[in-house]
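Trainee: Following is a predicted model, sequence given first.
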Amino acid sequence: MSVKSVQFTVAAHIMAALGYYHAEEISSAILSDSVNADPTFVRKSLSKLSKAGLVVTRRGKSGASVLARPPRQITLLDIYRASAAPPAFAIHSYPVDKRCPVSCQLKEGMSWVLSETQRSFERSLAKITLADLVGQIQKKTH
């Protein structure tokens, strides 16, 4: 029943790799290996990140990517929005049973709850920078 989107986490992985090796140009092939994802999916993610001004990408055989600005100036919210991931929560689609008051009213009630939850989630992401994420990774690897 549940479909999970990995767009945000793949974009965050790509950005973390670029942040970890800051100022080094990294090819999409290396990023695909790191993410363990299809190279086409990684290139699509890079394209979204580039359009959002988070990554500078050079295309072609010797193509590579680098962060467009320092990791401390990029938030996870920037990455989330650039990834075009769907909202974190959604209401399941179902025909309303008109005999049931819960069925008739749940979508409206849950819509408010999920909107508030999404806003809270995004406020949390806005407080975390790519530098924070890379710092966590560096702590675990050193």
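Mentor: Thanks, I have the structure now.
Trainee: helices and strands around the helix or strand hosting V113, which ones?
Mentor: Secondary structure from DSSP states H and E places V113 in helix 101-126. On a contact count with 3 or more C-beta pairs under 8 Å, 6 or more residues apart in numbering; DSSP states H and E, helix 101-126 meets helix 76-83. Bear in mind the C-beta positions are built from the backbone N, C-alpha and C, glycine included.
Trainee: Tell me where the model's unsure across this protein.
Mentor: Scanning the chain for pLDDT under 70 picks out 1-4.
Trainee: Break down it into its helices, ranges please.
Mentor: Along the chain, counting by DSSP state H, helices occupy 7-20, 28-35, 39-51, 76-83, 101-126, 130-141.
Trainee: ok, and for the last one, which residues are buried?
Mentor: Right, helix 130-141. For helix 130-141, burial by neighbour count (16 or more other C-beta atoms under 10 Å) applies to L130, A131, L133, V134.
Trainee: For L67, give me its contacts.
Mentor: For L67, the contacting residues are M15, L18, G19, H22, L54, V55, V56, I74, L130, by C-beta atoms under 8 Å, 6 or more residues apart in numbering.
Trainee: and the fourth one, how many neighbours?
Mentor: By other C-beta atoms under 10 Å, the residues close to H22 number 13.
Trainee: one step back: please state the offset of the helix holding V113 from the chain centre?
Mentor: 20 Å (C-alpha atoms, centre = their mean, to the nearest Å).
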